[in-house]
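[1] fold the following and give me the result.
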Amino acid sequence: MATYKKRGYKPKAIKEKDETIEGLEQDSTTAEVFNTLDEGANKAEDWVAGNQKGIFILIGVAAVIMLGYLGYKKFVAEPSAQEAMNEMYSAQKSFDEAVNGVNKDSLYTLALNGVGGKLGLTDIVDQYGSTPAGNLANYYAGMAYLNLKDYTNAVKYLGDFSTDNAALGPIAKGGMGDAFVQLNQLPEAFEYYEKAIAASTNDYTTPMYLLKAANVAQSIGKTDKALQYYKRIKAEFSTSDQAKNIDAFIGRAEASN
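    Model (predicted):
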């Protein structure tokens with residue numbers, strides 16, 4: 001499970017700046033990093049929102065696969081696994097409505113705490129933590145807390161989520177990286193962005209977390225790593241949104257190397 005330091009403040013939001021090289025050079029390295037991370041976070045949110053149905057399908061498939069490993073006898077021996085899946089329905093419905101709805105904060109809170117006598121995500125984790133549904137509840141809870149800007153709890157629950165799924169794995173690790181950025185713990189953020197990169201190679205999450213990892217690396221003095229990741233975006237993901245101004249980032253990293 002990931003560890004975190006308690007902080008009494010959160011980094012201030014950075015206003016969007018011109019994306020030209022001149023604009024990048026006018027600000028401090030840290031300001032540039034947080035500006036780019038904010039832009040990347042918005043793109044991540046847009047992609048997740050735009051592909052939410054697909055993500056939920058993947059979550060469902062992952063659940064079926066994990067439950068399949070248990071086998072019929074294990075269901076008979078451990079009915080709590082089925083009970084947990086039944087409890088997940090209401091919490092997952094609230095989470096889904098939060099993603100696609102207007103009153104997001106209240107819906108995420110309902111998903112976490114429960115509604116209509118049904119358990120919330122945190123209770124499912126507490127009572128059914130050893131089941132596949134309990135594991136998935138960690139993912140949902142972590143993402144809910146991330147959206148509610150409760151970054152400490154986002155780290156806690158996402159850190160307890162375990163999966164080999166090619167879509168959920170990088171999103172969970174990258175979510176932890178985003179939370180650590182907001183907690184102003186950049187070395188930890190860099191570590192989890194790298195884990196998100198390593199979890200799966202695809203055209204969606206890989207360039208997104210490569211850019212985030214590179215910008216954090218630039219900020220904490222890992223210029224060689226930053227340059228490596230910028231160049232990988234240019235070489236392997238040239239049609240991605242993250243590649244649009246990649247030459248400017250490469251030039252900045254080379255200048256400070």
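
[2] now do the helices in the chain.
    21-25, 29-50, 52-77, 80-100, 104-113, 121-128, 132-147, 151-160, 168-182, 186-199, 205-219, 223-236, 246-256 (DSSP state H).

[3] ok, residues contacting the fifth one?
    Under the criterion C-beta atoms under 8 Å, 6 or more residues apart in numbering, residues 91-92, 94-95, 97-98, 101, 120-122, 140-141, 144-145, 147-148 lie in contact with helix 104-113. Where you see a C-beta, it was placed from the backbone N, CA and C, and this is true even at glycine.

[4] got the phi and psi for the closest residue to Gly120 other than its chain neighbours?
    Nearest non-adjacent residue to Gly120, counting by C-beta to C-beta, 6 or more residues apart in numbering: Gly114, 3.4 Å away. Main-chain torsions, Gly114, degrees, to the nearest 10: phi 100, psi 160.

[5] let me know the pLDDT of Gly114.
    Reported pLDDT at Gly114 in the predicted model: 90.

[6] what does Gln127 give?
    You'll see Gln127 listed with a pLDDT of 91.

[7] give me the neighbour count for it.
    Applying other C-beta atoms under 10 Å, we find 16 residues neighbouring Gln127.

[8] please apply the same query to the one 10 residues further on.
    Neighbourhood size, Ala137 [other C-beta under 10 Å]: 33.

[9] need the contact list for it.
    Ala137 touches Ala84, Met88, Ala91, Leu121, Thr122, Ile124, Val125, Tyr128, counting by C-beta under 8 Å, 6+ apart.

[10] nearest residue to it other than its sequence neighbours?
    Ile124 (4.1 Å).

[11] before we move on, back to that, among the contacts of Ala137, who's most crowded?
    Leu121 (31 neighbours).

[12] spatially, and excluding backbone neighbours, which residue is closest to that one.
    With C-beta to C-beta, 6+ apart, the residue lying closest to Leu121 is Ala141, at 4.1 Å.

[13] what's the pLDDT at the one you found?
    At Ala141, the predicted lDDT confidence score is 96.

[14] just give the nearest non-adjacent residue to Ala166, would you?
    Ser200 (4.2 Å).

[15] separation between that neighbour and Phe237?
    Per C-beta to C-beta, to the nearest Å, Ser200 is found 14 Å from Phe237.

[16] joint contacts of the two?
    By C-beta under 8 Å, 6+ apart, Ser200 and Phe237 have these common neighbours: Thr206.

[17] that older thread, ok, and the most crowded of the contacts of helix 104-113?
    Most surrounded of those: other C-beta under 10 Å gives Leu121, at 31 neighbours.

[18] low-scoring stretches of the stretch 51-200 of the chain, by residue?
    51-80 (pLDDT under 70).

[19] 80 instead, please
    Along the stretch 51-200 of the chain, segments meeting pLDDT under 80 span 51-86, 101-102.

[20] Ala91 contacts Thr122, correct?
    No. With contacts counted by C-beta atoms under 8 Å, Ala91 stays clear of Thr122, the gap being 9.3 Å.

[21] turn the contacts of Ala137 into TSV, columns for distance to Ile220.
    Formatted as TSV, these follow (distance: C-beta to C-beta, whole Å):
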residue	distance to Ile220
Ala84	40
Met88	38
Ala91	37
Leu121	33
Thr122	33
Ile124	37
Val125	32
Tyr128	39
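
[22] between these, which is closest to Thr152?
    Using C-beta to C-beta, Thr122 comes nearest to Thr152 of the contacts of Ala137, at 13.7 Å.

[23] returning to that earlier point: among the contacts of helix 104-113, which two are most distant?
    Gly101 and Thr122 (20.4 Å).

[24] buried residues in stretch 144-161?
    144-148, 150-151, 153-161 (16 or more other C-beta atoms under 10 Å).

[25] repeat that for stretch 188-205.
    So stretch 188-205, judged by 16+ other C-beta under 10 Å, has buried residues 188-197, 199-200, 204-205.

[26] ok, of the residues you listed, which one's closest to Gly134?
    Using C-beta to C-beta, Ala199 is the member of those that lies nearest Gly134, at 20.9 Å.
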